[in-house]
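Engineer: next one to model:
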Amino acid sequence: MNKFFVSTQKHLAFSVVLICLLLIASISIPVVGRWGSFRASGVELTVLVIWIAWVIHAGWMLSRQNRAHSGRVYLVAKIFGSILVSAVAIWVACLLGGVIGQTLRLHEVKAAVDAGLPEDCLKLLYNWPIKDDRIENYSSEYLKLPSSIRMLAPAYVSNDHLDDTNTPPNIGLCKNGWGGFALGIRVFQNDEAKNLKTGECLRVAPGVYIWWQDT
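Structural biologist: From the prediction side, this is the model:
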């Protein structure tokens, strides 16, 4: 069997493996980062490294196969075409991962609702245990919170009504935010989030919203 043919098949198989890893990692970016955390940064770096490795390997393979052609225009066109196709594939994979991530996020909140999140948050609202408006996830008070709240693993639990009485009473479970509430869940005393203009939200149950806002 032709050694060049065998070598080409091996390199082609390696290229396919890299592409599969690249697509899997690309799908994982929005899944891992579905709550806006920086945990997806490592996955993003992995995607970049795999993509660069694939581009270099694909360019080498195309150059090797292009020896029979006299000009370089054909080679350059194939390389740039491969890069464009791979970029589109990554984009589509990220879109798919986004749909999966949103589905998982919604499922997590619904599971907490089924575990009694609305009732537990209202009890906490009426019996706020500290003077500050936040219960950090490293505090002793956090360990005493109901399991329906802790199962969502918030960075902190807030009662914004303490500092801003114009805010409708609610318990906020911040999943992501530097110094403020950027993304998480808010449980309102009444189903009144639709009347607020401070953020975007997705209603999961009466009074329970997945919440986005600027910090």
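Engineer: check contacts around the residue nearest to residue 157 when sequence neighbours are not counted.
Structural biologist: What sits nearest to residue 157 in space, not counting adjacent residues and going by C-beta to C-beta, 6 or more residues apart in numbering, is residue 135, at 4.4 Å. (C-beta placed from N, C-alpha, C; glycine too.) If you count contacts by C-beta atoms under 8 Å, 6 or more residues apart in numbering, residue 135 has them with 129, 141, 142, 145, 156, 157, 158.
Engineer: filter those to the buried ones?
Structural biologist: 145, 156, 157, 158 (16 or more other C-beta atoms under 10 Å).
Engineer: what residues does the last one make contact with?
Structural biologist: The contact partners of residue 158, taken as C-beta under 8 Å, 6+ apart, are 133, 134, 135, 171, 172, 173, 174, 181.
Engineer: again with residue 37
Structural biologist: With C-beta under 8 Å, 6+ apart, residue 37 has these contacts: 175, 176.
Engineer: what about the longest helix seen in the chain, distance to the chain center?
Structural biologist: For the chain, the helix with the greatest residue count under DSSP state H is helix 73-114. Computed by C-alpha atoms, centre = their mean, to the nearest Å, the chain-centroid distance of helix 73-114 equals 12 Å.
Engineer: pLDDT on that helix, on average?
Structural biologist: The average pLDDT for helix 73-114 rounds to 92.
Engineer: nearest to residue 27, of the buried ones among the contacts of residue 135?
Structural biologist: Ranked by distance to residue 27 (C-beta to C-beta), the buried ones among the contacts of residue 135 are led by residue 156 at 29.8 Å.
Engineer: so how far is residue 61 from residue 95?
Structural biologist: 28 Å (C-beta to C-beta, to the nearest Å).
Engineer: let's verify the nearest residue to residue 185 once chain neighbours are set aside: helix, strand, or coil?
Structural biologist: Spatial nearest neighbour of residue 185, excluding adjacent residues (C-beta to C-beta, 6+ apart): residue 173 at 4.4 Å. Assigned by DSSP: H, G, I helix; E, B strand; the rest coil, the conformation of residue 173 is strand.
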